[in-house]
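Visitor: fold the following.
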Amino acid sequence: MFSSVIIPLLLFGGLVFFHELGHFSVAKWCNVYVERFAIGFGPAIFKKTFGETEYALCLFPLGGYVKMRGQEDIGNIKPEDLSDPRSFATQNVWNRIAIVIMGPVANLILPVVVFTGLFMVGIPSPSSQVGNALPDSPAYKAGLRAGDHIVSVQGQPVKTFKDVTKIVATRANLPTEIMFERNGQMQQATVTPNLEKGMNDFGEIKDMGKIGVDLISYQTTIGISDPKSVAYQQGLRTGHTITSVNGQPVSYFWQINDMISQTKEPIILTAQTSEDASSKDILSVNLGTITNLTDAGIFSREMFIAEVQEESIASQKGLRAGDHLIAINDQNISNWYEFKDLIQNNNGEELNVTLIRDGQTSVINLIPKEVTQSNALTQQKEKVRQLGVVSGANPYPIDFYEEQYTNPFLALKHGFLETYDLTKSTVIGLGKLFSGKLSYKTLGGPISIFYMAGTSYSSGGWMSFFRLMAILSITLGVLNLLPIPVLDGGHLFFYFIELIKGKPVPAKLMEWSQQAGLMILLGLMLLVFYVDIDRFFVDKIKALF
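Guide: Below you'll find the predicted structure:
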């Protein structure tokens, strides 16, 4: 109830309140008679008059308005309002511009205030720590490994993973200097990013530079598929986690492999046999003079199936939990990213999946099933292909960097810069939407906003709630500045024409344009409601039949 109803209402109410407060405050400053300040539309569920203005909370919380004497969006202004010095209609054009523009401006001021507060508290973002360097990737070949902290890219300091990917994306096929820290020691690597397809901030598929690093790092949890292997005979099992090699603690598989390759002594592994990290159930085994883990029959659990989803193609074809996936169409696969790419890029063709079960190799022929998935936050739908299996990899928690500025002026500076960057992105995104480069299905209406408000609070608390409020406030401010009659931008458009011509736009033309603007607005509202209904309800309705 709280996260699904109260939180969305607080979000809507806060955005509308600040927008209308912008209009209201400048109207009062210009000595315009404000008849009503309302949050919501429809019948008032609460109203109270203070001074000359009635303040109302209305039944439908999907907007709000400030009603000033002599202000009519559609229809003729009353004759008596044309002679009242406190009427909006009798104000000079600069006063009217100030009153109208202050609503969107308030929506752009709000995120500066919100982000300033968040930066003073501290905004967590995934840090620049390498979670995983994929085998044969530019990063791996250059010597980067899981756990390394990237300090700078091509001389530019970085603190977050986004900082790293943003710079790397612009340097495809260009040698790039990366400074990183490992075990307290600074090191340098020259990495040449590959030119690959990737998704930008607007959801577009673009060519960009990539070095093959990921946020997620995996624990040293093992998989054993051959009961005749040395590891199995010594008591190691799938699900055990290696904690040390010859007495030296390890956190990543690359450390284990390096230690094994650098010693000719017998390899003694210590493994935790319980999935409970606090458990003291450990096992030490002597594997002899092996040259790598696979000699003993030990693999990362990443390519072992932990779960097979019901009614999936994997379930229908007989795949089981514990199966060790080793190849697709005779192409060896060593990591889950490579496996997912092969599945998701499949065009409906049959695949030969090679696996090991109880020491026996077998090949299963199947066609990945096309399914519709929804984004966890926005519920936006996308079609993907999948087998319906879950990796047995045991991930570490993502490492976060907390960007915090206790100096309020420094926090204000970064709050302004964050608002500027998001405003610029919003304007670019709208341009792509109107030009057809972005699909209308990326839009979201009240239902989407209600859902995102509740989801953001449930997953990230007040920090996520206020960040979402700031982002939506920017969107509301930018949208209201569009030159569409009925919106604030439409009014401003006519006022600027009045400034140029030296006289108001004819009343009849204003009325026709306002009616046209209202039709455009209603059309947009119907479109976003259609997108919302398709996003949230169509599949559920289909499931009933």
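Visitor: any low-confidence regions in this protein?
Guide: Along the chain, the model assigns pLDDT under 70 to residues 1-4, 73-76, 81, 203, 276-279, 373-381, 440, 536-545.
Visitor: helices along that one, start to end?
Guide: 7-29, 93-121, 138-142, 161-168, 230-233, 253-261, 313-317, 336-344, 408-434, 446-480, 488-501, 507-536, 538-542 (DSSP state H).
Visitor: could you list the buried residues of the fifth one?
Guide: In this case it means helix 230-233. Buried positions in helix 230-233, judged by neighbour count with 16 or more other Cβ atoms under 10 Å: 230, 231, 232. C-beta here means a position set from N, CA and C on the backbone, and glycine is covered the same way.
Visitor: just put those in CSV and tack on distance to residue 414.
Guide: Below are those laid out as CSV (distance: Cβ to Cβ, whole Å):
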residue, distance to residue 414
230, 56
231, 51
232, 55
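Visitor: wait, which of those is closest to residue 148?
Guide: Residue 148 lies nearest to residue 231 out of those, by Cβ to Cβ, at 28.2 Å.
Visitor: that closest one against residue 286, yeah?
Guide: No. Using Cβ atoms under 8 Å, residue 231 is not in contact with residue 286, being 11.1 Å away.
Visitor: show me what contacts residue 173?
Guide: Counting by Cβ atoms under 8 Å, 6 or more residues apart in numbering, residue 173 touches 192, 193, 194, 195, 209.
Visitor: and the first one, how many residues sit next to it?
Guide: Residue 192 has 15 neighbouring residues, counting by other Cβ atoms under 10 Å.
Visitor: do a quick rundown of the strands in the stretch 51-200 of the chain.
Guide: Counting by DSSP state E, counting those that start in this stretch, the stretch 51-200 of the chain has strands at residues 53-68, 123-126, 132-133, 149-153, 156-157, 176-182, 185-191, 194-199.
Visitor: relative to helix 507-536, how tilted is the longest one?
Guide: Between the direction of strand 53-68 and that of helix 507-536, the angle (axes from the mean of the first three to the mean of the last three Cα atoms, to 10 degrees) works out to 110 degrees.
Visitor: and strand 53-68 with helix 93-121, angle?
Guide: 120 degrees.
Visitor: quick one: end-to-end length of stretch 189-196, please.
Guide: 21 Å (Cα to Cα, to the nearest Å).
Visitor: circling back to that earlier point, farthest pair within the contacts of residue 173?
Guide: 192 and 195 (10.1 Å).
Visitor: which one of the strands of the stretch 51-200 of the chain has the most crowded surroundings?
Guide: Highest mean neighbour count among the strands of the stretch 51-200 of the chain (mean count of other Cβ atoms under 10 Å): strand 132-133, with a mean of 26.
Visitor: starting at the chain centroid, how far to that strand?
Guide: 21 Å (Cα atoms, centre = their mean, to the nearest Å).
Visitor: stretch 499-506 too?
Guide: The answer for stretch 499-506 is 45 Å, by Cα atoms, centre = their mean.
Visitor: how is the protein divided into domains?
Guide: Domain segmentation of the chain under automatic domain parsing yields 2-122+442-542, 132-214, 222-300, 304-390.
Visitor: now residue 140. Nearest residue, chain neighbours left out?
Guide: residue 133 (4.4 Å; Cβ to Cβ, 6 or more residues apart in numbering).
Visitor: no wait, residue 134
Guide: Nearest to residue 134 is residue 212, by Cβ to Cβ, 6+ apart, at 4.2 Å.
Visitor: the one you found against residue 140, yeah?
Guide: Yes. Residue 212 is within contact range of residue 140, at 6.4 Å (criterion: Cβ under 8 Å).
Visitor: tell me, what's touching these two both at once?
Guide: Both residue 212 and residue 140 are contacted by 133, 134, under the criterion Cβ under 8 Å, 6+ apart.
Visitor: for residue 208, which non-adjacent residue is closest in space?
Guide: Using Cβ to Cβ, 6+ apart, the closest residue to residue 208 is residue 169 (4.1 Å).
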